[in-house]
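Colleague: Got a sequence here, can you model it:
(4 chains)
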Protein chains: 2
Amino acid sequence: MRKSKEAAAESRARIVATAARLFRAHGPQAVSVADVMEAAGMTHGGFYKHFASKDALLAEAITAMFEEKRPMFARPTAAEAEVALADYAAEYLSMGHIGNLEAGCPIAGLSLDAQRAGPEVRRSFAGAIEGMVADIAVAKGTGPEARSAALRDMMIMVGAIVLARSVEDRALQERIIETAREARSDIG
Amino acid sequence: MRKSKEAAAESRARIVATAARLFRAHGPQAVSVADVMEAAGMTHGGFYKHFASKDALLAEAITAMFEEKRPMFARPTAAEAEVALADYAAEYLSMGHIGNLEAGCPIAGLSLDAQRAGPEVRRSFAGAIEGMVADIAVAKGTGPEARSAALRDMMIMVGAIVLARSVEDRALQERIIETAREARSDIG
DNA sequence: ACAAGAAGATGATGATCATCATCCAAATTG
DNA sequence: CAATTTGGATGATGATCATCATCTTCTTGT
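Modeller: Numbers count the residues shown, from 1 in each chain, chains lettered A, B, ... in the order given. Below is the predicted model of the structure:
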């Protein structure tokens, strides 16, 4: 049955939000279009009324994931950005994040899949990361130095979560997290 | 037709080596058993004479990937290990590595897939990483400090490659590589 | 109010795949 | 050298999936 314009837009948003969770949790290849639609409370049939392809949904879901994170660290001034980033890093480098595939960092959880996907997906991923670098650089001051400092932070955080998730020993995971926190503050 | 004992062992090894390349390059889900067998010069039929399942092959391929890398950094003494690790890091943090999915670092190229796979695969991945941490710690001296230093190196290297591959701008990739090199030497 | 159109449901379709059953020929074994 | 294995080939099988066609029911522009 037909839905009103707002109801349809709501459906569409629900599909994207659901996909953002499921794709991160299990990987896009392991989640079917029907899975997403069912988790969003619909049947598979309506999908192509909203999206041109599964890849198109993935591209949108990726954008949504990054936009969901952005308020946590993006601030207009260096002083505010520095505080926000510190909070974000504290939450990022935590055992909770390791277990939280579903709502965790898309770089740590989806980057390999994005790299292997079509150009549409790759571009949406790359664009989001480039925006994130710029946002984080605000916390690091001005000039090219700030950009490098932002990259340094990001690679430590992403590397730590990827590494920690790959390991099974909980004590080692904690050690990795702790080491990453120290590395971040050692470098400044 | 039946093959001699050595010929069969050679076939098996070729399957593992081929899988190690293909799985890294395209992801295990995107590579079928038939793809691997064909690339190894056989038809799909013989596969289950060698392996219990696709996951069993993936687990073995993962072990093989790590063993292939081990000679590049593992050394018995701290002095030798330090030199070998420096060489390895120089090659690791390079543009060539970014483009070389097929023979690159399995942590940077396959960790998400391993995390999502069955327990057999996860265990083989986790075990290999734990061994690698121990090997790299040799270059960092003794005690728990060495282990942390090894982890710090690893997360920077893995994070840098994951991040660089996710981005499309070549100049930014180079900046990421360069930043990672500096971060490694800043920390020591 | 009515005609046109769109959201979403139901139900194909064609492809791909992991795994299994069989068969064949060469290699072991005794 | 005969009997028996066994590596590998050929060819199902059953499942899953992305995508499409069609139908129904409601919304919306007129």
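Colleague: make it CA atoms for all contacts and neighbour counts henceforth
Modeller: OK.
Colleague: How many residues are close by residue A:14?
Modeller: Residue neighbour count, defined by other CA atoms under 10 Å in any protein chain shown, stands at 17 for residue A:14.
Colleague: and if you look at the one 5 residues further on?
Modeller: Neighbours of residue A:19 under the rule other CA under 10 Å: 28.
Colleague: Quickly check: whatever helix or strand it lives in near DNA strand C or not.
Modeller: Using DSSP states H and E, residue A:19 maps to helix A:5-26. Yes. Contact between helix A:5-26 and DNA strand C, assessed by CA under 7 Å from any atom of the strand, occurs at A:5, A:7, A:8, A:11, A:12.
Colleague: and the first one, how many neighbours does it have?
Modeller: The burial metric for residue A:5, expressed as a neighbour count using other CA under 10 Å, is 9.
Colleague: can you tell me which residues contact it?
Modeller: Listed by CA atoms under 8 Å, 6 or more residues apart in numbering or on different chains, residue A:5 has no contact partners.
Colleague: can you tell me how far it sits from residue A:47?
Modeller: According to CA to CA, to the nearest Å, residue A:5 and residue A:47 sit 16 Å apart.
Colleague: May I ask which helix or strand encompasses whatever residue of chain A ends up closest to chain B?
Modeller: Nearest residue of chain A to chain B, counting by CA to the nearest CA: residue A:159, 3.6 Å away. Assigned by DSSP H and E, residue A:159 belongs to helix A:144-166.
Colleague: which of the residues of helix A:5-26 next to DNA strand C are buried?
Modeller: Buried residues within these, counting neighbours by 16 or more other CA atoms under 10 Å in any protein chain shown: A:11, A:12.
Colleague: How is the closest residue to residue A:123 other than its chain neighbours assigned, secondary-structure-wise?
Modeller: In space, residue A:123 comes closest to residue B:168 once its chain neighbours are excluded; the distance is 7.4 Å by CA to CA, 6 or more residues apart in numbering or on different chains. Secondary structure, DSSP: H, G, I helix; E, B strand; the rest coil: residue B:168 is coil.
Colleague: And for the one 10 residues further on?
Modeller: Assigned state for residue B:178: helix (three-state reduction, three-state DSSP).
Colleague: Show me what counts as buried in the helix or strand containing residue A:86.
Modeller: Here residue A:86, judged by DSSP H and E, is contained in helix A:78-92. Neighbour-count burial for helix A:78-92 flags A:78, A:81, A:82, A:84, A:85, A:89, A:92 (criterion: 16+ other CA under 10 Å).
Colleague: gap between residue A:83 and DNA strand D?
Modeller: Counting by CA to the nearest atom of the strand, to the nearest Å, the gap from residue A:83 to DNA strand D is 41 Å.
Colleague: ugh, wrong one, I meant residue A:166
Modeller: In this view, residue A:166 and DNA strand D are 24 Å apart by CA to the nearest atom of the strand.
Colleague: Also residue A:7?
Modeller: In this view, residue A:7 and DNA strand D are 8 Å apart by CA to the nearest atom of the strand.
Colleague: what about the residue of chain A found nearest DNA strand C, which SS state?
Modeller: As assessed by CA to the nearest atom of the strand, DNA strand C sits closest to residue A:45 within chain A, at 3.0 Å. Following three-state DSSP, the label given to residue A:45 is helix.
Colleague: now swap in residue A:2 and tell me
Modeller: From three-state DSSP, the assignment for residue A:2 is coil.
Colleague: C-terminal to the helix holding residue A:19, which secondary structure element comes first?
Modeller: Going down the chain from helix A:5-26, the next helix or strand is helix A:33-39, by DSSP H and E.
Colleague: Just the C-alpha atoms of that following helix, please, in PDB.
Modeller: Backbone C-alpha positions of helix A:33-39 (Å, rounded to 0.1, in the frame of the first residue of the first chain) are rendered in PDB as follows:
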ATOM      1  CA  VAL A  33      19.000  -6.800   1.000                       C
ATOM      2  CA  ALA A  34      16.100  -8.900   2.400                       C
ATOM      3  CA  ASP A  35      17.900  -9.000   5.800                       C
ATOM      4  CA  VAL A  36      18.100  -5.200   5.900                       C
ATOM      5  CA  MET A  37      14.500  -4.700   4.800                       C
ATOM      6  CA  GLU A  38      13.200  -7.200   7.300                       C
ATOM      7  CA  ALA A  39      15.200  -5.600  10.200                       C
END
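Colleague: and that helix, what other elements does it pack with?
Modeller: For helix A:33-39, the contact count by 3 or more CA pairs under 8 Å, 6 or more residues apart in numbering or on different chains; DSSP states H and E identifies helix A:5-26 as packing neighbours.
Colleague: so how far is the helix it packs on from its chain's centroid?
Modeller: 15 Å (CA atoms, centre = their mean, to the nearest Å).
Colleague: which ones are touching residue A:94?
Modeller: Counting by CA under 8 Å, 6+ apart, residue A:94 touches residue A:177.
Colleague: Give me the phi and psi angles of it.
Modeller: In terms of degrees, to the nearest 10, the main-chain angles of residue A:94 are phi -150, psi 160.
Colleague: still on that earlier bit, where does the residue of chain A closest to chain B land on pLDDT?
Modeller: Looking at residue A:159, its pLDDT is 98.
Colleague: Just give the nearest non-adjacent residue to it, would you?
Modeller: Nearest non-adjacent residue to residue A:159, counting by CA to CA, 6+ apart: residue B:159, 3.6 Å away.
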